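In: using only what follows, build the 3D model:
(chains A and B)
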Amino acid sequence: AQKVTQAQTEISVVEKEDVTLDCVYETRDTTYYLFWYKQPPSGELVFLIRRNSFDEQNEISGRYSWNFQKSTSSFNFTITASQVVDSAVYFCALKMEGGKLIFGQGTELSVKP
Amino acid sequence: EAGVTQFPSHSVIEKGQTVTLRCDPISGHDNLYWYRRVMGKEIKFLLHFVKESKQDESGMPNNRFLAERTGGTYSTLKVQPAELEDSGVYFCASSKGGGGQPQHFGDGTRLSIL
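Out: Model prediction:
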């Protein structure tokens, strides 16, 4: 069975703190893709990043970085020097060749000034 | 390039009534997906179109839900008759291809059944 677990339901930090959002996935497929989406208060889901199962290279984009480790089936997301605008619900998702996304429960991040 | 557009943004109806949600995907995207998030739970897949064909409808909860994509362009999702447990946010997404292509989401339709 395929499953995504985001154990942190809510996280609250103060601006400029670093924060890591955890994502653990389960799948028996050898080919799969992992995604992170951001849902700001306005409601839309914004695509942030995609990794495929054959590429474990970590990625950095500005203040955002992602750590993909197949050995622990994890795809964690770190925001460095958080800002109030980072406040949102963040979803991790798993996708197999069939096409549908399997989402985690989401982590609500609140960044206070 | 216009993103995925969903109409209406909000809908409030009474139990037993019918509601139709519409999704306009990004132009040129053959793949169209419907998802919903109920009561703050995780976002769950409903179905997947490739052009006008239903590729996967394993997530449709029951036969009160009917999705169509005539002509392979926009899609509609009809709920008839609506029940209280259908309340939630319905998201539409589209992608250019399959595989690892990212799905781009609309703003969602918030459906409230009274």
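In: the closest residue to chain A within chain B: neighbour count?
Out: Across chain B, the shortest distance to chain A (C-beta to the nearest C-beta) belongs to B:Phe105, at 3.8 Å. In this view, the C-beta of every residue, glycine as well, is placed from N, C-alpha and C. Residue crowding around B:Phe105 was assessed by other C-beta atoms under 10 Å in any protein chain shown; the count is 24.
In: ditto for A:Lys112
Out: By other C-beta under 10 Å, the residues close to A:Lys112 number 11.
In: and if you look at B:Ile13?
Out: The local packing of B:Ile13 (other C-beta under 10 Å) involves 17 other residues.
In: also the one 3 residues further on?
Out: Counted with other C-beta under 10 Å, the neighbours of B:Gly16 add up to 10.
In: list the contacts for it?
Out: By C-beta atoms under 8 Å, 6 or more residues apart in numbering or on different chains, the residues touching B:Gly16 are B:81-82.
In: tell me the residues of chain A that contact chain B?
Out: Chain A comes close to chain B at residues A:33, A:35, A:37, A:42-47, A:50, A:52, A:91, A:95, A:97-106, as judged by C-beta under 8 Å from any C-beta of the partner chain.
In: of the residues you listed, just the buried ones, ChimeraX syntax please.
Out: The following ChimeraX line selects those of the residues of chain A next to chain B that are buried, judged by 16 or more other C-beta atoms under 10 Å in any protein chain shown:
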select /A:33,35,37,43,44,45,47,50,91,95,99,100,101,102,103,104,105,106
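In: which parts of chain A are strands?
Out: Under the criterion DSSP state E, strands of chain A are mapped to A:3-5, A:10-14, A:19-21, A:24-26, A:33-39, A:46-52, A:59-61, A:64-69, A:74-79, A:88-95, A:101-103, A:107-112.
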